[in-house]
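J.: Need a 3D model of the following:
(one chain, ligands or ions: 1)
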Amino acid sequence: MSTPSAAPLILVAGGGAAGVAAALAAARLGCRALIVEPHPMLGGMGTAALVNNFCPAHHDEKRFIIGGIFGEIRRELIKRRALYETECMEPYEPEAYARLLAELLDSAGIERRQGRRITAARENGAHLAVTLDDGSTVMADGAVDATGDATLARLAGVATRLGRDSDGAVMPLTMCYRLTGIDLDAAAHGWPRHVDHRNGHTRPVYIDPNTGERNFYHTGHNAFVDAMLMADRAAGLLSIPRDHIAVIHGVPGCPGDATVNFGRVFVTDPTDPAQLARATAQGEAQVQDGLAFFRRRLPGFAQVRLVAMARQIGVRQSHQIVGQHRLTAEECLAATQFDDCIAQCHYPIDIHEPGSDKTTMNSLPAGAHYDIPWRSLVPAAGPARLLAAGRCISADAGAMASLRVQPSVMAIGEAAGVGAALAAQRGLRVQDLPASAVQERLRATGGILV
Ligand SMILES: Cc1cc2nc3c(=O)[nH]c(=O)nc-3n(C[C@H](O)[C@H](O)[C@H](O)COP(=O)(O)OP(=O)(O)OC[C@H]3O[C@@H](n4cnc5c(N)ncnc54)[C@H](O)[C@@H]3O)c2cc1C
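T.: Numbering: from 1, shown residues only. Purely as a prediction, here's the structure:
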């Protein structure tokens, strides 16, 4: 009696937004899937770095352009009253998000190796042999690098690039944090009223229609805040090299709490442990600096207290694979449509300038989006069973500064999981898998590719 051959095994390195979507997509196609993640919680930057919102990549101000697994997760968070539905950034409660990701992986039978990282990889016949830091080796029929740093790809010998073309510089890092004790009445009266052009909410305090909770929301330049910030910097009271506060937004279920994205720390390589340790210390000091500024200056913030710093400093940009196609900023801004589109994005090119206190934003018009091509996930040369997903795909610094946000990296991850599974099931090199096969599966499972 012959035993049925086991389903192909897909290894996903990294349990962030891209990695979770990749593992789910592979498992839902009938593969065995295994995810390796150093942190005890899933979500990557979206939880460990306290980046707890979805930037508006997923609609083009007229319609939704990302569905699939991202849409499923977003809808479930809304149902659980853990996400504020807006036309702009959508804050979510990070613990609820991490719990949902774990539930989804567990219900799909995906093995989670958390507290572990990958340390080596080599091609071995029909497999990619991936070694973990406990010394175990997994013989994978397919693999997805969702480490954000292209670590698996680099270990497996795939060529990578770091930073912008002119000088290799990367965007700065930020230590995000959560505070509590905002006096929402004082904030509502003390800040200038600002009506959001997209959804009509009066900022900075508005009521979330689904939960009825009052939510604090500030993002980007605001003359009132920026003037105080520059005055305090000039007086030597504030040392954060940033000309505005990027984000302060509420946390669903916890009115009066907010998470903050304000710091700015420069490094040349965010994967260098010594630089990362220095950056973390600097980021922690900036948290105290920022809190003091808030208490001193911001209406409604006089009594705020720190609840938590992120478990890790947030890294925006790191090593990326050299893929079959390098998506460019020009292609994004021209709303380029590719025949091998596997995901769409509307988010602006949002560059936190290296070595500067400035941020440059370049938006697409309402109703427009660009495509992310399958070829940007496929290494130009190297192993036959490895795909990249998330922020380490093949893109120049400008394109990367747009596609890096959570809705789009999740859509990319889903496509990578589908591609890795289909290639393994068909016994094909990823380079030989037709993009149309990935597109067909994505469309059949709620993906939006037009
Ligand atoms: C400060 C900051 C603010 C941001 N603000 C927003 C925002 O407001 N909204 C938004 O949508 N996006 C925002 N982003 C962007 C977004 O959070 C990230 O680009 C996105 O979450 C990246 O997802 P990912 O899955 O590609 O990578 P990550 O989330 O970085 O996940 C990679 C995972 O791989 C794991 N890993 C690393 N090395 C290994 C290894 N050797 N073995 C196994 N696993 C490994 C990591 O622990 C991590 O969990 C921000 C980013 C930063 C840094």
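J.: any idea which residue sits dead centre in this structure?
T.: Closest to where the C-alpha atoms of the chain average out (CA atoms, centre = their mean) is residue 406, at 3.7 Å.
J.: For it, give me its contacts.
T.: Neighbour list for residue 406: 17, 45-46, 51, 53-55, 57 [criterion: CB atoms under 8 Å, 6 or more residues apart in numbering]. From N, CA and C alone the C-beta is placed, and that goes for glycine too.
J.: For the ligand, tell me which of those residues show up nearby.
T.: 17, 45-46, 51, 53-55 (CB under 6 Å from any ligand atom).
J.: Which of the residues you listed fall in strands?
T.: 53-54 (DSSP state E).
J.: Just put the ones next to the ligand among the contacts of residue 406 in CSV and tack on pLDDT.
T.: Formatted as CSV, those follow (pLDDT from 0 to 100):
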residue, pLDDT
17, 98
45, 98
46, 98
51, 97
53, 97
54, 98
55, 97
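J.: Can you convert the ones next to the ligand among the contacts of residue 406 into CSV and add a column each for neighbour count?
T.: Shown next, in CSV, are these (neighbours: other CB atoms under 10 Å):
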residue, neighbour count
17, 35
45, 24
46, 25
51, 24
53, 25
54, 27
55, 22
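J.: helix/strand/coil for the closest residue to residue 430 other than its chain neighbours?
T.: In this structure, residue 430 finds its nearest non-sequential neighbour in residue 423, 4.8 Å apart by CB to CB, 6 or more residues apart in numbering. Look at residue 423: counting by DSSP: H, G, I helix; E, B strand; the rest coil, its state is helix.
J.: which two from the contacts of residue 406 end up farthest apart in space?
T.: Checked with CB to CB, the contacts of residue 406 reach their widest spread between 45 and 57, with 14.3 Å between them.
J.: how about the residues of the stretch 151-300 of the chain that lie near the ligand?
T.: 151, 174, 176, 247, 261.
J.: Lowest-confidence member of those residues, which is it?
T.: Across those, the smallest pLDDT goes to residue 247, namely 95.
J.: Would you agree it is in contact with residue 53?
T.: Yes - using CB atoms under 8 Å, residue 247 makes contact with residue 53 at a distance of 7.4 Å.
J.: who touches both of these two?
T.: The contact sets of residue 247 and residue 53 overlap at 89, 259 (CB under 8 Å, 6+ apart).
J.: Mean confidence (pLDDT) on stretch 77-88, please.
T.: 94.
J.: from the chain's centre, how far out does that stretch sit?
T.: For stretch 77-88, the separation from the chain centroid amounts to 17 Å (computed by CA atoms, centre = their mean, to the nearest Å).
J.: Only alpha carbons, please: show that stretch as PDB.
T.: The C-alpha trace of stretch 77-88 is given here as PDB (Å, rounded to 0.1, in the frame of the first residue of the first chain):
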ATOM      1  CA  LEU A  77     -11.000  43.900  13.900                       C
ATOM      2  CA  ILE A  78     -13.900  46.200  13.300                       C
ATOM      3  CA  LYS A  79     -16.300  43.500  14.400                       C
ATOM      4  CA  ARG A  80     -14.300  43.100  17.600                       C
ATOM      5  CA  ARG A  81     -14.400  46.900  18.200                       C
ATOM      6  CA  ALA A  82     -10.600  46.900  17.900                       C
ATOM      7  CA  LEU A  83     -10.200  49.200  14.900                       C
ATOM      8  CA  TYR A  84     -11.400  52.700  14.200                       C
ATOM      9  CA  GLU A  85     -12.700  52.700  10.700                       C
ATOM     10  CA  THR A  86     -11.600  56.000   9.000                       C
ATOM     11  CA  GLU A  87     -10.700  57.300   5.500                       C
ATOM     12  CA  CYS A  88      -7.200  57.900   6.700                       C
END
